[in-house]
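Q: Provide a 3D model corresponding to the input given below.
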Amino acid sequence: MMEGRCAPLTKTALLAGDGLLPVAIAQSLASRGTPPTVIALGNTNPLLQAVAERVLPVSPISMGRILQLIEREKCKQVILAGTVPKRWIFGGGPVDPETLAWIRSLPSRDDHSLLGSIVSFFQSRGLEVVPYCLLIPEAIAPEGTIAGREPTEEEREEIRYGIGIARRLVPLSFGQAVAVRNGAVVAVEAMEGTDEMIRRAGRIFPGGTVVKMMRPDQDERFDVPTVGPQTLECMAQAGLGCLAVEAGRTVILDRQRFGELAKEYSISVTGFLP
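A: Below you'll find the model as predicted:
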């Protein structure tokens with residue numbers, strides 16, 4: 001469970017990938033009187049412009065260039081948030097050759113190891129990596145029914161089964177979610193991400209439950225499991241009716257819209273303790 005209070009914030013650099021998570025974090029920082037300097041990686045959500053001190057795009061992505069910007073802006077703290085397609089580390093995206101060479105030099109490039117190496121890179125330069133979940137406590141999933149309807153008995157069985165599978169898969173660090181139905185695994189998340197896994201599950205066998213959780217030893221400063229309205233849109237399109245997320249260790253974005261969609265699509269969303 002995520003506990004504690006957010007440490008006093010100084011000038012903060014927000015390394016922002018795609019999605020709503022960087023926006024929620026930037027809004028929280030701005031409300032505290034410390035709007036971040038956003039270093040934009042890939043697509044930049046236009047909403048960031050209204051709440052950031054400034055937005056600095058980096059393309060191609062360069063660890064050296066990012067560090068230069070952080071030092072130029074005199075930031076002492078760094079937050080990592082948002083989606084950056086992992087396929088980019090194989091040269092399939094806007095990443096400079098020096099950064100690709102550094103990534104390829106790492107002994108392991110699974111999610112846990114890669115993000116840990118990036119955090120260590122910033123820490124070795126005297127920067128503090130801030131755990132963003134402490135900035136958005138209202139977005140953390142509670143235990144029990146979160147949105148939509150109550151799960152059916154069949155779905156409760158699927159949740160229990162899915163948790164058992166996820167406990168074994170998540171420590172391997174190639175994904176955080178699994179789709180199950182009637183005591184069988186339909187799809188497992190890998191490099192494509194949760195939304196694409198859901199779409200694939202719908203093509204294989206419509207219906208069933210998605211279980212999403214965090215590895216037990218995962219660093220809660222970054223890469224916390226996240227769901228939002230788009231997750232429910234994908235589930236509705238794929239015909240999946242139940243979403244179970246780890247309570248206390250999952251971020252739910254845009255809670256109002258999320259709740260509206262769960263009700264509209266009659267999707268059961270529940271939080272569990274593993």
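Q: please count neighbours and contacts with C-alpha atoms only from this point.
A: Noted.
Q: count the residues that sit near D217.
A: Residue crowding around D217 was assessed by other CA atoms under 10 Å; the count is 8.
Q: how close does it sit to R167?
A: 12 Å (CA to CA, to the nearest Å).
Q: so where's this structure uncertain?
A: Applying pLDDT under 70 to the chain picks out residues 1-9.
Q: the strands in it, which residues?
A: Ranges of strands within the chain are 12-16, 37-41, 54-58, 77-81, 128-129, 144-147, 177-181, 184-188, 209-212, 226-227, 242-246, 251-252, 268-272, based on DSSP state E.
Q: just name the most buried of those.
A: Between the strands of the chain, the one whose residues have the most neighbours on average, counting mean count of other CA atoms under 10 Å, is strand 209-212 (a mean of 30).
Q: what packs against that strand?
A: Applying 3 or more CA pairs under 8 Å, 6 or more residues apart in numbering; DSSP states H and E, one finds that strand 209-212 contacts helix 153-169, strand 177-181, strand 242-246.
Q: okay, buried residues for the first one please.
A: Of the residues in helix 153-169, those scored as buried under the neighbour-count criterion (16 or more other CA atoms under 10 Å) are 155-163, 165-167, 169.
Q: just send those residues back as JSON lines, with distance to R54 too.
A: Listed next are the buried residues of helix 153-169 as JSON lines, based on distance: CA to CA, whole Å:
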{"residue": "E155", "distance to R54": "46"}
{"residue": "R156", "distance to R54": "46"}
{"residue": "E157", "distance to R54": "48"}
{"residue": "E158", "distance to R54": "46"}
{"residue": "I159", "distance to R54": "43"}
{"residue": "R160", "distance to R54": "45"}
{"residue": "Y161", "distance to R54": "46"}
{"residue": "G162", "distance to R54": "43"}
{"residue": "I163", "distance to R54": "42"}
{"residue": "I165", "distance to R54": "43"}
{"residue": "A166", "distance to R54": "40"}
{"residue": "R167", "distance to R54": "41"}
{"residue": "L169", "distance to R54": "40"}
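Q: nearest to P274, of the residues you listed?
A: P274 lies nearest to I163 out of these, by CA to CA, at 7.0 Å.
Q: my guess is the closest one contacts L273. True?
A: No. Distance between I163 and L273: 9.5 Å, which falls outside the contact criterion (CA atoms under 8 Å).
Q: make a markdown table out of the helices and strands packed on strand 209-212 and add distance to L15.
A: Formatted as a markdown table, the entries for these read as follows, by distance: least, CA to CA, whole Å:
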| stretch | distance to L15 |
| --- | --- |
| helix 153-169 | 28 |
| strand 177-181 | 24 |
| strand 242-246 | 25 |
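Q: quick one, domains of the chain?
A: Structural domains of the chain, as assigned by automatic domain parsing, span the residue ranges 12-135, 140-272.
Q: just say which of those domains is most tucked in.
A: domain 140-272 (a mean of 20).
Q: quick one on the thing from earlier: which one, of the strands of the chain, ends up nearest to A201?
A: The closest of the strands of the chain to A201 is strand 184-188. By CA to CA, the value is 5.4 Å.
Q: contacts made by that closest one with the rest, please.
A: 162, 175, 177-180, 197-198, 200-201, 204-205 (CA atoms under 8 Å, 6 or more residues apart in numbering).
Q: over to stretch 253-265?
A: Contact with stretch 253-265 is made by 20-21, 24, 139, 147-149, 226-229, 232-233, 236, 252, 268-269, as judged by CA under 8 Å, 6+ apart.
Q: now do 10 Å
A: Contacts to stretch 253-265, defined as CA atoms under 10 Å, 6 or more residues apart in numbering, come from residues 19-21, 23-24, 136, 138-141, 146-149, 226-233, 235-237, 239-243, 252, 266-269.
Q: show me the helices in the chain, by range?
A: Using DSSP state H, the helices found in the chain span residues 21-31, 48-51, 63-72, 97-105, 111-123, 153-169, 194-204, 229-238, 255-264.
Q: need the strands of the chain in a markdown table (columns: distance to D96).
A: Below are the strands of the chain laid out as a markdown table (distance: least, CA to CA, whole Å):
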| stretch | distance to D96 |
| --- | --- |
| strand 12-16 | 17 |
| strand 37-41 | 12 |
| strand 54-58 | 10 |
| strand 77-81 | 19 |
| strand 128-129 | 23 |
| strand 144-147 | 42 |
| strand 177-181 | 30 |
| strand 184-188 | 31 |
| strand 209-212 | 32 |
| strand 226-227 | 28 |
| strand 242-246 | 36 |
| strand 251-252 | 31 |
| strand 268-272 | 40 |
